[in-house]
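# Need the 3D shape of this:
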Amino acid sequence: MSEDLVVYGSYGYTGSLITEALVDRGYAPLLAGRDRDRLSDQAIQAGCEFEVVALDEPRVLDMVLEDATAVLHCAGPFTRTAAPMVEACLRTGTHYLDITGEIDVFEAAHDRDSDAEEAGVMLLPGTGFDVVPTDCLAAHLHERLPDATELELAFEADLGVSPGTAKTAVEQLGSGGKVRRDGRIVGVPSAHATRRVDFGWGTDDRHAAAIPWGDVSTAYHTTGIPNVTVYMSMPPSAVRWQRAAAYLSPVFGLDPVKQFLQWLVDTQVTGPDANERANAESYVWGEARTDDGGRVVSRVRCPHTYTTTVETALAVAERALDGDAPTGFQTPAGAYGPDLILDVPGTEREDVV
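Modelled structure (predicted):
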């Protein structure tokens, strides 16, 4: 895995972790991004080649990608950055991977399925914690209960927000929630539903609220289950805040407000350190049901979210570079099966019901 792989946005928080892991394993990806100073400093330390290119420079971007097998896109918010990179991949015949968790990005990639097939390109967004563990669990539940019509997923995690994740959250402020009903994605109020979840492995039951997680898109494409809701563990006070914040959505949508919040992210958010990543776990729970009362429950325990992201992104990239890259739009478990998450060291899965 050398310059056949381009890591774009390699100097961001998650991009840096991925680049460091690649170099530690003896690889030398081509590093790319728009910030020359940060990129050159990183490339010198990593011993990698680099190219300075912005996403609004299609000719230069094509030159960077033309000899690459795949690009691992790490520069968010992906609702703004994914489209130009996808277009470049379609033009150059480069497999597209990213670490997004944004529903709109998954759906936009799905809309380019036929274009990707024609170009011989795989479009696989969501190679990180968003959404590999949940997508793999959805596929596992579907294998256990093929006639399922209802799917609920939930996770408990110390996310330890990175700057990129925080900026994505700012982009989504005031946009409400989303679920899938009868095969269609529909808008719902923020935290519109709550429930208790037993994540296992010694955890107590947790209070969880519905969120617009990427699996509202991907789980349907992976399994065909038409009704999907995703929950995140959070205290009742956080649910009340989310519901109250819905009344401020017109304010959050104003450009000056978003610009101020993005500035706060740039100046205040650094992401979890190595000790925090080494001493936290994440838990995923899922339940599938049929119309006639059938029910299965399974759950997964993984390392910290960013540790999981590094491992799953590399696992997907290695497969793509080895020629295992089904063309068209793909989801992680759709392309590589429900056991993909078990490639992550320290991951366990158990069937409860």
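# Walking through the stretch 51-200 of the chain, point out its strands one by one.
Taking DSSP state E, counting those that start in this stretch, the strands of the stretch 51-200 of the chain run over residues 70-73, 95-98, 122-124, 150-157, 177-181, 184-188, 194-197.
# Select, out of the ones you listed, the one closest to residue 279.
Of all these, it is strand 150-157 that lies closest to residue 279, at 13.3 Å by Cβ to Cβ. Where C-beta positions appear, they are placed from N, C-alpha and C, glycine not excepted.
# Pull up the pairing partners for that closest one, direction included.
Sheet pairing of strand 150-157 (DSSP bridges) gives strand 227-233 (parallel), strand 281-289 (antiparallel).
# Return the alpha-carbon coordinates of the shortest one using PDB.
In this case it means strand 227-233. C-alpha atoms of strand 227-233 as PDB (Å, rounded to 0.1, in the frame of the first residue of the first chain):
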ATOM      1  CA  ASN A 227     -38.000   0.600   8.900                       C
ATOM      2  CA  VAL A 228     -34.800   1.800  10.600                       C
ATOM      3  CA  THR A 229     -34.300   3.900  13.800                       C
ATOM      4  CA  VAL A 230     -30.900   4.600  15.400                       C
ATOM      5  CA  TYR A 231     -30.400   5.600  19.000                       C
ATOM      6  CA  MET A 232     -27.500   7.100  20.900                       C
ATOM      7  CA  SER A 233     -27.000   6.700  24.700                       C
END
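# Stretch 20-35: end-to-end distance?
Here the two ends of stretch 20-35 are set 18 Å apart, with distance taken as Cα to Cα, to the nearest Å.
# Could you give me the buried positions within it?
Of the residues in stretch 20-35, 22, 27, 29, 30, 31, 32, 33, 34 count as buried by neighbour count, 16 or more other Cβ atoms under 10 Å.
# Roughly how far does the first one sit from residue 4?
Going back to what we said before, that points to residue 22. Noted for residue 22: a distance of 12 Å to residue 4, by Cβ to Cβ, to the nearest Å.
# same deal with residue 238?
43 Å.
# what does residue 76 give?
Relative to residue 4, residue 76 is positioned 24 Å away (Cβ to Cβ).
# same question, residue 294
45 Å.
# And residue 131, by the same measure?
Look at residue 131 and residue 4: by Cβ to Cβ, they are 25 Å apart.
# For the two, indicate the residue with more neighbours.
Legend: neighbour count by other Cβ atoms under 10 Å for residue 131 and residue 4, higher for residue 131 (32 against 16).
# Identify the spatial nearest neighbour of the more buried one, chain neighbours not counted.
Once flanking residues are discounted, residue 131 sits nearest to residue 214: 4.2 Å by Cβ to Cβ, 6 or more residues apart in numbering.
# number of nearby residues for that neighbour?
Counted with other Cβ under 10 Å, residue 214 comes out at 24.
# Can you add mean pLDDT, distance to residue 322 and mean neighbour count and give the strands paired with strand 150-157 back as JSON lines?
Formatted as JSON lines, the strands paired with strand 150-157 follow (pLDDT from 0 to 100; distance: least, Cβ to Cβ, whole Å; neighbours: other Cβ atoms under 10 Å):
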{"stretch": "strand 227-233", "mean pLDDT": "95", "distance to residue 322": "31", "mean neighbour count": "22"}
{"stretch": "strand 281-289", "mean pLDDT": "97", "distance to residue 322": "27", "mean neighbour count": "24"}
